[in-house]
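Peer 1: Show me the folded form of this:
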Amino acid sequence: MINDLYNNKILKLASDIKRDGRLDDFDFTSVAVSKLCGSKVTVDIKIKDNLISDFSHIVKACALGQASSSVMADNIIGSNFNELKNLQIVMRKMLKEDGSPPEGRWSDLEVLEPVRDYKGRHSSVMLTFDAVVDCINQFELKKASKKNKVS
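Peer 2: Just a heads-up that it's a prediction; the model follows:
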(Lines give C-alpha, C1' and ligand atoms only; values in the text may rest on other atoms or scores of the structure.)
Protein backbone atom coordinates (compact mmCIF):
# COMPACT_ATOMS: atom_id res chain seq x y z
CA MET A 1 0.00 0.00 0.00
CA ILE A 2 2.63 2.55 0.98
CA ASN A 3 4.60 2.16 -2.26
CA ASP A 4 1.49 2.44 -4.47
CA LEU A 5 -0.09 5.36 -2.70
CA TYR A 6 2.90 7.36 -1.66
CA ASN A 7 5.07 7.03 -4.75
CA ASN A 8 7.68 9.61 -5.74
CA LYS A 9 5.34 11.44 -8.13
CA ILE A 10 2.71 11.94 -5.44
CA LEU A 11 5.30 13.01 -2.89
CA LYS A 12 6.79 15.50 -5.38
CA LEU A 13 3.38 17.05 -6.07
CA ALA A 14 2.60 17.15 -2.34
CA SER A 15 5.85 18.92 -1.55
CA ASP A 16 5.39 21.56 -4.26
CA ILE A 17 2.04 23.15 -3.45
CA LYS A 18 1.68 26.60 -4.94
CA ARG A 19 -0.81 29.35 -4.11
CA ASP A 20 -0.74 28.42 -0.41
CA GLY A 21 -2.56 30.69 2.03
CA ARG A 22 -5.57 32.97 1.72
CA LEU A 23 -6.40 35.57 -0.90
CA ASP A 24 -6.69 39.10 0.46
CA ASP A 25 -9.67 39.73 -1.78
CA PHE A 26 -11.72 36.69 -2.79
CA ASP A 27 -15.20 36.33 -4.21
CA PHE A 28 -16.03 32.94 -2.70
CA THR A 29 -14.56 30.56 -0.18
CA SER A 30 -15.29 26.99 0.82
CA VAL A 31 -13.98 24.55 3.40
CA ALA A 32 -14.13 20.82 2.72
CA VAL A 33 -13.41 18.34 5.51
CA SER A 34 -13.07 14.57 5.41
CA LYS A 35 -15.14 13.07 8.21
CA LEU A 36 -13.12 9.89 7.89
CA CYS A 37 -9.58 11.21 8.35
CA GLY A 38 -9.95 14.84 9.36
CA SER A 39 -8.19 16.23 6.29
CA LYS A 40 -9.25 19.78 5.49
CA VAL A 41 -8.93 22.08 2.49
CA THR A 42 -9.91 25.75 2.48
CA VAL A 43 -10.26 27.31 -0.98
CA ASP A 44 -10.57 30.97 -2.00
CA ILE A 45 -11.42 31.95 -5.57
CA LYS A 46 -11.90 35.08 -7.61
CA ILE A 47 -14.07 35.00 -10.71
CA LYS A 48 -13.91 37.22 -13.76
CA ASP A 49 -15.96 36.66 -16.92
CA ASN A 50 -17.12 33.25 -15.61
CA LEU A 51 -13.52 32.04 -15.35
CA ILE A 52 -11.34 31.46 -12.31
CA SER A 53 -9.05 34.50 -12.20
CA ASP A 54 -7.33 33.81 -8.88
CA PHE A 55 -7.08 30.94 -6.43
CA SER A 56 -5.51 30.08 -3.12
CA HIS A 57 -5.86 27.27 -0.64
CA ILE A 58 -4.81 26.02 2.75
CA VAL A 59 -4.30 22.27 2.71
CA LYS A 60 -4.20 20.26 5.92
CA ALA A 61 -4.27 16.77 4.46
CA CYS A 62 -2.17 13.70 3.80
CA ALA A 63 0.15 13.56 0.79
CA LEU A 64 -2.75 12.36 -1.37
CA GLY A 65 -4.91 15.38 -0.58
CA GLN A 66 -1.87 17.61 -0.95
CA ALA A 67 -1.07 16.12 -4.36
CA SER A 68 -4.58 16.67 -5.75
CA SER A 69 -4.60 20.22 -4.35
CA SER A 70 -1.19 20.86 -5.89
CA VAL A 71 -2.45 19.89 -9.36
CA MET A 72 -5.51 22.09 -8.82
CA ALA A 73 -3.35 25.08 -7.94
CA ASP A 74 -1.15 24.53 -10.98
CA ASN A 75 -4.04 24.42 -13.45
CA ILE A 76 -7.15 26.22 -12.19
CA ILE A 77 -6.45 29.79 -13.34
CA GLY A 78 -8.40 30.41 -16.53
CA SER A 79 -10.63 27.35 -16.06
CA ASN A 80 -14.32 27.66 -16.71
CA PHE A 81 -17.06 26.30 -14.50
CA ASN A 82 -18.07 23.39 -16.71
CA GLU A 83 -14.47 22.20 -16.94
CA LEU A 84 -14.12 22.20 -13.15
CA LYS A 85 -17.48 20.54 -12.51
CA ASN A 86 -16.60 17.88 -15.07
CA LEU A 87 -13.19 17.41 -13.45
CA GLN A 88 -14.88 16.64 -10.13
CA ILE A 89 -17.07 14.04 -11.85
CA VAL A 90 -14.12 12.47 -13.71
CA MET A 91 -12.09 12.23 -10.50
CA ARG A 92 -14.98 10.67 -8.60
CA LYS A 93 -15.52 8.14 -11.41
CA MET A 94 -11.79 7.39 -11.55
CA LEU A 95 -11.78 6.58 -7.84
CA LYS A 96 -15.15 4.89 -7.42
CA GLU A 97 -16.05 3.40 -10.81
CA ASP A 98 -12.70 2.48 -12.40
CA GLY A 99 -13.10 5.42 -14.76
CA SER A 100 -10.31 6.89 -16.82
CA PRO A 101 -8.16 9.63 -15.29
CA PRO A 102 -8.47 13.24 -16.44
CA GLU A 103 -6.72 14.24 -19.63
CA GLY A 104 -5.11 17.37 -21.00
CA ARG A 105 -3.77 19.85 -18.51
CA TRP A 106 -5.24 17.78 -15.68
CA SER A 107 -3.42 14.60 -16.69
CA ASP A 108 -1.05 14.82 -13.69
CA LEU A 109 -4.00 13.57 -11.62
CA GLU A 110 -3.45 10.16 -13.21
CA VAL A 111 -0.84 9.56 -10.50
CA LEU A 112 -3.73 9.20 -8.03
CA GLU A 113 -5.28 6.18 -9.82
CA PRO A 114 -3.91 3.69 -7.24
CA VAL A 115 -6.08 5.41 -4.61
CA ARG A 116 -9.17 3.74 -6.09
CA ASP A 117 -8.19 0.54 -4.24
CA TYR A 118 -8.22 2.37 -0.88
CA LYS A 119 -11.73 3.73 -0.30
CA GLY A 120 -10.72 5.33 2.98
CA ARG A 121 -8.43 7.68 1.04
CA HIS A 122 -10.95 8.84 -1.58
CA SER A 123 -12.34 11.71 0.47
CA SER A 124 -8.92 13.28 1.05
CA VAL A 125 -8.21 13.27 -2.70
CA MET A 126 -11.62 14.80 -3.48
CA LEU A 127 -11.51 17.69 -1.00
CA THR A 128 -10.02 20.27 -3.36
CA PHE A 129 -12.49 19.40 -6.15
CA ASP A 130 -15.46 19.51 -3.78
CA ALA A 131 -14.40 22.89 -2.35
CA VAL A 132 -13.85 24.44 -5.80
CA VAL A 133 -17.21 23.20 -7.09
CA ASP A 134 -18.89 24.51 -3.91
CA CYS A 135 -17.45 27.97 -4.68
CA ILE A 136 -18.80 27.74 -8.23
CA ASN A 137 -22.21 26.71 -6.91
CA GLN A 138 -22.17 29.70 -4.54
CA PHE A 139 -21.43 32.00 -7.49
CA GLU A 140 -24.19 30.50 -9.63
CA LEU A 141 -26.70 30.71 -6.77
CA LYS A 142 -25.82 34.37 -6.16
CA LYS A 143 -26.11 35.12 -9.88
CA ALA A 144 -29.52 33.39 -10.09
CA SER A 145 -30.70 35.22 -6.99
CA LYS A 146 -29.75 38.59 -8.52
CA LYS A 147 -31.51 37.63 -11.76
CA ASN A 148 -34.70 36.70 -9.89
CA LYS A 149 -34.66 40.02 -7.99
CA VAL A 150 -34.44 41.93 -11.27
CA SER A 151 -37.27 39.97 -12.92
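
Peer 1: all contacts plus neighbour counts: C-alpha atoms, from now on.
Peer 2: Noted.

Peer 1: Tell me which residues touch Val59, please.
Peer 2: Counting by C-alpha atoms under 8 Å, 6 or more residues apart in numbering, Val59 touches Asp20, Lys40, Val41, Thr42, Gly65, Gln66, Ser69.

Peer 1: do that again at 6 Å, thanks
Peer 2: Val41 (C-alpha atoms under 6 Å, 6 or more residues apart in numbering).

Peer 1: pLDDT weak spots in the chain?
Peer 2: Scanning the chain for pLDDT under 70 picks out the ranges 1-4, 150-151.

Peer 1: Packing partners of the longest helix that the chain contains?
Peer 2: Longest helix in the chain, counting residues (DSSP state H): helix 122-150. On a contact count with 3 or more C-alpha pairs under 6 Å, 6 or more residues apart in numbering; DSSP states H and E, helix 122-150 meets strand 28-33, helix 63-75.

Peer 1: Off-centre distance for that helix?
Peer 2: Taking C-alpha atoms, centre = their mean, to the nearest Å, one finds the center of helix 122-150 at 12 Å from the center of the full chain.

Peer 1: again with stretch 104-113
Peer 2: That offset, for stretch 104-113, works out to 12 Å (C-alpha atoms, centre = their mean).

Peer 1: Next, the distance between the ends of that stretch.
Peer 2: Taking C-alpha to C-alpha, to the nearest Å as the measure, stretch 104-113 stretches 16 Å from start to finish.

Peer 1: Now do that stretch: everything it contacts.
Peer 2: With contact meaning C-alpha under 6 Å, 6+ apart, stretch 104-113 is reached by Pro101.

Peer 1: residues of that stretch that come out buried?
Peer 2: Asp108, Leu109, Val111, Leu112, Glu113 (16 or more other C-alpha atoms under 10 Å).

Peer 1: if we can go back for a sec, could I get the helices and strands packed on helix 122-150 in CSV, plus columns for distance to Gln138?
Peer 2: Shown next, in CSV, are these (distance: least, C-alpha to C-alpha, whole Å):
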stretch, distance to Gln138
strand 28-33, 7
helix 63-75, 19
